[in-house]
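Undergrad: following is a predicted model, sequence given first.
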Amino acid sequence: MWEQNTQKLGVTGHRGCKAYMPENTLISFSEAFRLGVDVLEFDVQVTRDGVPVIMHDAMVDRTTDGTGAVCFMTLEQVKALDAGVKFGYPGQRVPTLDETLELIVKEASPNLHLNVEIKDQLPIVVDKTIEALRRYGLVERSVIASFDAQTLLYTQEFYPEIKTQGQPPISMTRYDERVLDRMYGMGVPVDSKRLPTDEDIIALVKFANDRGIEAWGYHADSREAAIRCLKYGFTNITANDPHDLIAYLDEVDRRVGK
């Protein structure tokens, strides 16, 4: 999957199966495995007592029955939250990074790759994340992603063996153009008001490819978006609903540039 210039359009499950399962939970990840996604995307933050957990927002309010910031809560406090009750799956807990990687090793295909997004802009979060990926033998199958250029620059300098994925320069915080030199993938939104035309998308794909960077589309939750990705040379699509996307792609030729 992480071969440059791959010809098969891959599918990434965004926070598992975010469209219809409680995001960033083990049940959502297991569903993504069952569907046969090529890549699993999830987000890492660190609790007050230094444990990496899987959570997108800085606050737990949207996705759990609790309130407060992850970084001000202990692991025990985070584990007391219900991460599924708001989405019809009561009893789901916020998983730790270790629990997530254990599940991947146990249940997922050995061909599954990981897109691990660092939400806390702190070097220690990168350190703890990559240390865990090493323990589970998953570094070669992983990409570290961030919207923060300095987080990626730190990863590139101290962990050159792991690939990194960023965003177009306009979308990155603390931007430094040096981050492009060793960036492997670039996320490009394909269903977004910020990119209203195909010309905008084509320009960003070209910007990435001219620098030897793969263009990965998100979030392609419609057939129209998938067609754009196939047509304009994306090598991967991140989807909130990988079920429908995989079903559609199974009907067509997945080769890029078609």
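TA: Structure received. Residues are numbered from 1 along each chain as shown.
Undergrad: all strands for the stretch 1-150 of the chain, in order.
TA: Using DSSP state E, counting those that start in this stretch, the strands found in the stretch 1-150 of the chain span residues 10-14, 39-46, 52-54, 113-118, 142-145.
Undergrad: low-confidence ranges in the stretch 151-258 of the chain?
TA: Flagging of the stretch 151-258 of the chain using pLDDT under 70 yields the residue ranges 192-196, 253-258.
Undergrad: 50 instead?
TA: Within the stretch 151-258 of the chain, not a single segment meets pLDDT under 50.
Undergrad: can you give me the helices in it?
TA: Using DSSP state H, counting those that start in this stretch, the helices assigned to the stretch 151-258 of the chain run over residues 198-209, 223-232, 242-249.
Undergrad: okay if I get the ones you listed as a markdown table plus distance to F72 and mean neighbour count?
TA: The C-beta positions use only the backbone N, C-alpha and C, and glycine is treated the same way. Converted to a markdown table, those look like this (distance: least, CB to CB, whole Å; neighbours: other CB atoms under 10 Å):
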| stretch | distance to F72 | mean neighbour count |
| --- | --- | --- |
| helix 198-209 | 37 | 17 |
| helix 223-232 | 37 | 18 |
| helix 242-249 | 33 | 19 |
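Undergrad: any idea which of those helices gets closest to Q165?
TA: helix 198-209 (10.6 Å; CB to CB).
Undergrad: is it correct that H243 is in contact with K18?
TA: No - with contact defined as CB atoms under 8 Å, H243 and K18 do not form a contacting pair (11.4 Å).
Undergrad: dump the residue contacts of Y159.
TA: Y159 sits next to 126, 130, 144 when contact means CB atoms under 8 Å, 6 or more residues apart in numbering.
Undergrad: same question, T25
TA: By CB under 8 Å, 6+ apart, the residues touching T25 are 16, 54, 83-84, 89, 92-95.
Undergrad: ditto for Q156
TA: Counting by CB under 8 Å, 6+ apart, Q156 has contacts 164, 179, 182-183.
Undergrad: how far away is it from R178?
TA: 9 Å (CB to CB, to the nearest Å).
Undergrad: how about K206?
TA: Going from K206 to R178 by CB to CB gives 21 Å.
Undergrad: run a quick neighbour tally on G166.
TA: Neighbours of G166 under the rule other CB atoms under 10 Å: 26.
Undergrad: isn't it right up against A149?
TA: Yes - between G166 and A149 there is a contact at 6.7 Å, judged by CB under 8 Å.
Undergrad: could you count how many residues lie near I118?
TA: I118, neighbours per other CB under 10 Å, totals 27.
Undergrad: who's in contact with it?
TA: 43-44, 125-126, 129, 144-146, 148, 151, 155.
Undergrad: if we use 6 Å, what do you get?
TA: Shown in contact with I118 (CB atoms under 6 Å, 6 or more residues apart in numbering): 44, 125-126, 146, 151.
Undergrad: could I get the contacting residues of the spatially closest residue to Y218 that is not a sequence neighbour?
TA: In space, not counting the residues next to it along the chain, Y218 is nearest to T238; the distance is 3.7 Å by CB to CB, 6 or more residues apart in numbering. Counting by CB under 6 Å, 6+ apart, T238 touches 12, 14, 218-219.
Undergrad: may I see those organised as TSV, with neighbour count and distance to Y136 added?
TA: Output for those, formatted as TSV (neighbours: other CB atoms under 10 Å; distance: CB to CB, whole Å):
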residue	neighbour count	distance to Y136
T12	26	19
H14	29	22
Y218	23	25
H219	21	27
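Undergrad: compute the first-to-last residue distance for stretch 100-118.
TA: 15 Å (CA to CA, to the nearest Å).
Undergrad: likewise stretch 73-81?
TA: 11 Å.
Undergrad: quick check: buried residues in it?
TA: For stretch 73-81, the neighbour count (16 or more other CB atoms under 10 Å) marks 73, 75, 77-79, 81 as buried.
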